[in-house]
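**Student:** turn this into a model:
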Amino acid sequence: MVALRKQPPPAMTVEEFLAWDNGDRSGRLWQLRDGAPEAMAPATEAHGAIQSELARLIGNHLLHTGRPCRVVTTPGVVPRVRSSANVRIPDLAVTSAPPGRERLLSEPVLVIEILSPSNAEQTWANVWAYTTIPSVTEILVVSSTAVRAELLVRGSDGTWPGGAETLGPDARLRLGSIDLMLPLAALYRTTVLA
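**Tutor:** A predicted model of the protein is given here:
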């Protein structure tokens, strides 16, 4: 007998989405985009390796420096705009908020997305949604196909720049929100791009 995936209502709220049993037992991640559940494609090996390396580097840095922050993989975050109809799932986020039992991460300060050619449009739509979260001060978008990243940093006046700072293979990545500096190439240590 084949189990059929349950169809979502025509438009869902965040509360309905969090309570929804979609019947999908594949382990695939889902996010809510403007009231519509959206399945996320499985990550490539490079994508997963970069995500793991970033989580390790950030986690070790936070532990070593004693910062009251923590890094979380694939957290649910809610943008401020249309907050009742959106739950986005970045690859990583860092928060200073204490651990909780909720399914949504509160007060992220740094949000990280890993960009794959197959999800570029979806990723950039998420990036713009993250800029509406008041606590977010930095957004890092890391390429999975080249040693390259784009960094958006909120200004001291609360505004975002018109464009991202582009970092290449020889660049040093500086994440001011957690006071971390490292070679961009370090993110790719366990990939074929190393």
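**Student:** middle-most residue in this structure, spatially?
**Tutor:** What sits nearest the mean C-alpha location of the chain, by Cα atoms, centre = their mean, is Pro90, with 2.1 Å.
**Student:** can you pull the contacts of that residue?
**Tutor:** Under the criterion of Cβ atoms under 8 Å, 6 or more residues apart in numbering, the contact list for Pro90 reads Thr74, Pro75, Val77, Val111, Ile112, Glu113, Asn126, Tyr130. (C-beta placed from N, C-alpha, C; glycine too.)
**Student:** Asn60: which of those is nearest?
**Tutor:** Ile112 (15.5 Å; Cβ to Cβ).
**Student:** so the closest one, which state does it fall into?
**Tutor:** Ile112 carries the three-state label strand when classified by DSSP: H, G, I helix; E, B strand; the rest coil.
**Student:** from what I can see it touches Asp91, true?
**Tutor:** Yes - between Ile112 and Asp91 a contact is recorded at 5.5 Å, counting by Cβ atoms under 8 Å.
**Student:** find residues that contact each of these two.
**Tutor:** Leu54.
**Student:** just the mean pLDDT for stretch 116-125, thanks.
**Tutor:** Per-residue pLDDT values across stretch 116-125 average out to 89.
**Student:** would you say the residue nearest to the centre of the chain is within a strand?
**Tutor:** No - when the secondary structure is assigned by three-state DSSP, Pro90 falls in coil instead of a strand.
**Student:** now it: phi and psi?
**Tutor:** Taking degrees, to the nearest 10, you get phi -70, psi 170 for the backbone angles of Pro90.
**Student:** how near is it to Gly76?
**Tutor:** The span separating Pro90 from Gly76 equals 9 Å under the rule Cβ to Cβ, to the nearest Å.
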